[in-house]
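Enquirer: The sequence and its predicted three-dimensional model are supplied below.
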Amino acid sequence: MPLLLLLAVLTVTVLSVPVLDRLLGRATGWPLAAVLALLTAAVLARGPDLWDGGPALEASLPWMPALGIGMSLRMDGLAWLFCVLVLGVGALVTAYSARYFPPGRRTGFYVLMSAFALAMTGLVLADDIVLLFVFWELTTICSFYLIGLSGPSASRPAVRTFLLTALGGLALLAAVVLLWVRTGTTRLSTILGDLSWTQDTGFTTAVAVLVIVAVFTKSAQFPFHYWLPDAMAASTPVSAYLHAAAMVKAGVYLAMRFSPAFADTAVWGTTLIVTGLATALLGAALALRSHDLKKLTAYSTVSQLGFLIAVIGVGTTQALIAAAVHTLAHALFKATLFMAVGVVDHQTGTRDLRELGGLRRAMPVTATVSALAALSMAGVPPLLGFVSKENLFEALLHTPGPAWLGPLAAVAAVLAAALTVAYAFRFVYGTFGGARVRHPGPDRPREAGALFLAAPAVAALAGLALGPAAPLLNPMAERAAADATGEQAQAHLALWHGVNPALAMSAAALLLGALVAWGATVRDPASSRLRLPVTGTGVFERVHAGLIALGARTGDPTRSDAPARHLAVPFVLIIVFAAAVAVLGPDYGTPADGTSRPLDWMMVALVAVSVLTAVVTRSRLAALALTGVAGFAVALWFLFLGAVDVALTQLLVEILTVVVAVLVLRRLPARFHRARPSRTAATALIAVAAGTAAGLGAYLLTGRREPSAVSTHLLENAPADTGGTNVVNTILVDYRALDTLGELTVLGVAGLIIIAVLHSSGLTANGGPQPEVARTNPVRDADANTVIMRTVARVLIPLLLIWSAYLLLRGHNAPGGGFIGGLVGGSAFALAYLVAPSASVARIRLAYPAFIAAGVVTAVASGLLGLADGSFLRPLHADIPLPWGGHYHFTSALVFDVGVYLAVVGVILTALNQLGLPRTGAAPERTAVPERHDTATGGTR
Amino acid sequence: MTLAITIGVLIAGAVYLVLQRGMVRIVLGFVLLSHGVNLLLMSAGGVSRREAPLLAGGGGEALADPLPQAFVLTAIVIAFSITIYMLTLAATGKGDDTEDAS
């Protein structure tokens, strides 16, 4: 339970930061530091128990029980060490932040820093690999925002850091999934407790490589080392935390945690040692040639992480003891150095070594603190860094494997350590030693306040005290290494081990380092003038841009506005499927009798002729008319097939489609576009193939069975269920009313979209065929030439409306219903529109969107009525006695049908008004349209 | 077989028109396409029984399947709304050309 409490306290802290920040501003750092320090103390208090061989603390909450994933936490010696570092350094850094920032609110920073501490604590405590992954990603997200907080110039570094570490996160996720699938559990302690899965070399190698990618990206190992210096765009407290205890240490932790699993995997040890040492050398060399103190310190972190990774790669218990101690030492001196850089920057206004120097008199405390940390980093006795580096040398010298490997690794380590000595010297001497150099900040920089210096001083003094007191760390290091490797360990941490190879290596590193320092610092280093041909960020940006370009090229074939390009794909695919089915030749069943009747051939001929001519003609009007003929033929087909309602609907829709299409065509050229013969041929080929596939499919795959059970059921029960005898209509408004509701909503939405489209784009200016009519021709006068139609319409329109109402009402028992009634009603309005002599007369003064809305609302309301009988859209029935005897069977399905009617009429009105009439308040360039428009429709008034 | 031939002809014409350049031709193609698909739905209900499923005059062995008819009826209306929407698109902007150059 205490572990859950620990995370709970951290969570509450994160949540309370906004309130604290409102009250305290930058001083929020103090209460945060207090909380973190208290938690550190609480964790420290657990230490002795662990060192005495006490059991690891465990806690668990169910999270996704069905998957066996839990909020499992476990604190053994290794987790304890990292927990102390995360919380302790967190306390120091937040305390430091309270003075580092100028007064004012720092909500984002403090929220993210405390969230970062929470994520790191969760990461090192997680005993569930899924949980571990979640916290791992949380640290990535926190670091992204913390870096990005520093303003626009930090946005690219933040993105680069994020993408790179997220890449590692994906590798970790893959490793997590592989382990989960193979072992059947997500408990980390179970997976590492039973290493039988490592018998499969191929599998283990794959997991090892994935973990290596995760570790290398997180811990900034070559070739991913550049993100860490890049991320120094973040504010200094962020860098201090990132480099000393959080983020990069997550990689170190993961590597230590998994080291027993991969102890026998060749790729693990080799890669870690080689890359680690190379990174140690590279980082140190780059640190030496940096002028920016922060960059120098950042490269130094890269180098120190290289040492850690290399020694973890060695994999012996002694190596892991060295790694544990060096992790601690590094956290202390690196936190100090970063905070010292921040102090110098804060007091002098620069952190460029070329503008700094001689500050030892003005800032003696900062100088002392920095010197202590730098000496620890350089491995000078009696500081903790000396102890840990001796252990590193010792462990590397005894690398298992070929006899030459240990000495070679040791030599590389000594070289890197020598460079470390040199840049540590450069840091301190360049800033505080030598003569005063003019710098851009205040003329007489002063020492920082005690509160500002407290945090770095504590860290530096801890590094000083723990050197001589190194034997006290023995139990801690033993337990950490034992929990990491699963083997008992004996640590012999001390300042003095007598004369041994490690001491000689330390001495050699110091001596060599002094020489390099002399050459690099006192004389201007030639190396700093060298321009590297390749930089990590440059490579990253090129790869990034290349990937995006590749993605763009991949998508290019679909990036076309031409519909034909997109539409051809499904057609061709369907043809391929059809061909595949034809080749497989399944049993199609026997064709039913009587599927063809002599009269059918008339429709076949009609459809064939009209479709063929519609396809061939280049006249728009002819194509429209011929398509209409095909539609009428199809309506006839429906009638022949016994679908009376469908035939009626088809007929009405065909009429209205032609009316609407004519409104559009008059705005367009008279003839279609020309197409290249090659395109026509290809299209024709696809068309014929698709038609053949469809025809054969229809013949072979349909109509070869007895009436379906549904069909039989409906035909037998419809009158009893619904009180209606027109089965098709009962399906629409009773059985499948919800479908119909959806469909009439689609219909309504289409009407609204037409309004929206025309509102935003406007109609095409009239460019279509203009009739040439002689001045003396009576047709020229619209009033005169519509007189007959108007006379007829005067009678016909009311009749049509009455008929449509009748069709609506009788629909339940005879052909008719809402759709057909609505279409007939719509036709009445279309007629009213067509016979009008001018557009201004034709205006139908009805709020057509209201019709659509009323239709949908009515349908839904009738559906809600059904709730009275227990279900949405269930029709209610009532027998209303009639005064002249008998009774009228009323059903709320009729109300529903009224909704359908209204929506259909609304959409037709919308199309007529929107497409047929000049828009009121149209844009100025279109004000000329109405006149020409009137001419086009037949005349002017 | 007659219905299958009709469907084949309609689909062939539809595919040809849909792959053309002008929006109006594409719209007409879609109209034909919906005809073809609607007839296919009818075909799925069987073509040999062709009596209208109106029960006022009593049932019968040869009544057509009402379910595809209901589907097709709504499909026609939906296709109608889509058609007028696409026609609206053809009538906006500069013209109904859907491709930039030849």
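Expert: Structure received.
Enquirer: near chain A, anything from stretch B:83-98?
Expert: Yes - applying CB under 8 Å from any CB of the partner chain, one finds stretch B:83-98 in contact with chain A at B:83-85, B:87-98. Heads up, the C-betas are built off the backbone N, CA and C, glycines and all.
Enquirer: Filter those residues down to the buried ones.
Expert: By neighbour count, with 16 or more other CB atoms under 10 Å in any protein chain shown, the residues of stretch B:83-98 next to chain A hold B:83-85, B:87-92, B:95-98 as buried.
Enquirer: Let's have those in CSV, adding pLDDT.
Expert: Output for those, formatted as CSV (pLDDT from 0 to 100):
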residue, pLDDT
B:T83, 92
B:I84, 89
B:Y85, 91
B:L87, 89
B:T88, 88
B:L89, 87
B:A90, 86
B:A91, 84
B:T92, 82
B:G95, 70
B:D96, 74
B:D97, 76
B:T98, 74
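Enquirer: any low-confidence regions in chain B?
Expert: In the predicted model, chain B carries pLDDT under 70 at residues B:59, B:93, B:100-102.
Enquirer: which parts of stretch A:856-873 are buried?
Expert: Across stretch A:856-873, burial judged by 16+ other CB under 10 Å covers A:856, A:858-860, A:862-863, A:865-866, A:873.
Enquirer: element containing residue 9?
Expert: Reading this off chain A. helix A:2-24 (DSSP states H and E).
Enquirer: Oops, wrong one, chain B.
Expert: B:V9 belongs to helix B:2-18 when assigned by DSSP H and E.
Enquirer: Can you name the next helix or strand after that helix?
Expert: helix B:23-44.
Enquirer: Please point out which parts of that next one sit buried.
Expert: B:23-44.
Enquirer: ok, and which of those residues reach chain A?
Expert: Restricting the buried residues of helix B:23-44 to those near chain A - CB under 8 Å from any CB - leaves B:24-28, B:31-32, B:35-36, B:38-40, B:42-44.
Enquirer: quick one: low-confidence ranges for chain A?
Expert: Residue ranges of chain A with pLDDT under 70: A:1, A:438-443, A:520-532, A:766-771, A:778, A:839-844, A:918-941.
Enquirer: please redo it, this time with the cut-off set to 80
Expert: Within chain A, the stretches with pLDDT under 80 are A:1, A:434-444, A:519-534, A:561, A:591-594, A:761-785, A:837-846, A:885-889, A:916-941.
Enquirer: quick check: domain ranges of it?
Expert: Listed by automatic domain parsing, the domain ranges of chain A are A:1-170+A:223-257, A:270-549, A:563-585+A:595-701, A:726-941.
Enquirer: what's the closest of those domains to B:P68?
Expert: Closest of these to B:P68 is domain A:563-585+A:595-701, at 8.1 Å (criterion: CB to CB).
Enquirer: May I have the secondary structure class of A:T205?
Expert: The local conformation at A:T205, judged by DSSP: H, G, I helix; E, B strand; the rest coil, is helix.
Enquirer: Give me the distance between it and A:D734.
Expert: 66 Å (CB to CB, to the nearest Å).
Enquirer: same check, this time on A:R674
Expert: For A:R674 relative to A:D734 (CB to CB), the value is 52 Å.
Enquirer: Comparing those two, which residue is more hemmed in?
Expert: The neighbour comparison of A:R674 against A:D734 (other CB atoms under 10 Å in any protein chain shown) goes to A:D734, with 23 against 10.
Enquirer: any idea how far A:F872 is from the nearest residue to that one once chain neighbours are set aside?
Expert: Leaving aside its sequence neighbours, A:D734 sits nearest to A:T722 (CB to CB, 6 or more residues apart in numbering or on different chains; 4.3 Å). Going from A:T722 to A:F872 by CB to CB gives 16 Å.
Enquirer: same deal with B:G8?
Expert: Using CB to CB, we find B:G8 at a distance of 41 Å from A:F872.
Enquirer: Could you do A:I129 as well?
Expert: Taken as CB to CB, the span from A:I129 to A:F872 is 47 Å.
Enquirer: A:F577 too?
Expert: With the distance defined as CB to CB, A:F577 ends up 38 Å from A:F872.
Enquirer: same check, this time on A:G430
Expert: Remark: distance between A:G430 and A:F872 (CB to CB) = 79 Å.
Enquirer: now A:G536
Expert: Taking CB to CB, one finds A:G536 at 62 Å from A:F872.
Enquirer: Just the closest residue of the stretch 1-150 of chain A to chain B, please.
Expert: Using CB to the nearest CB, the single residue of the stretch 1-150 of chain A nearest to chain B is A:A66, 39.7 Å away.
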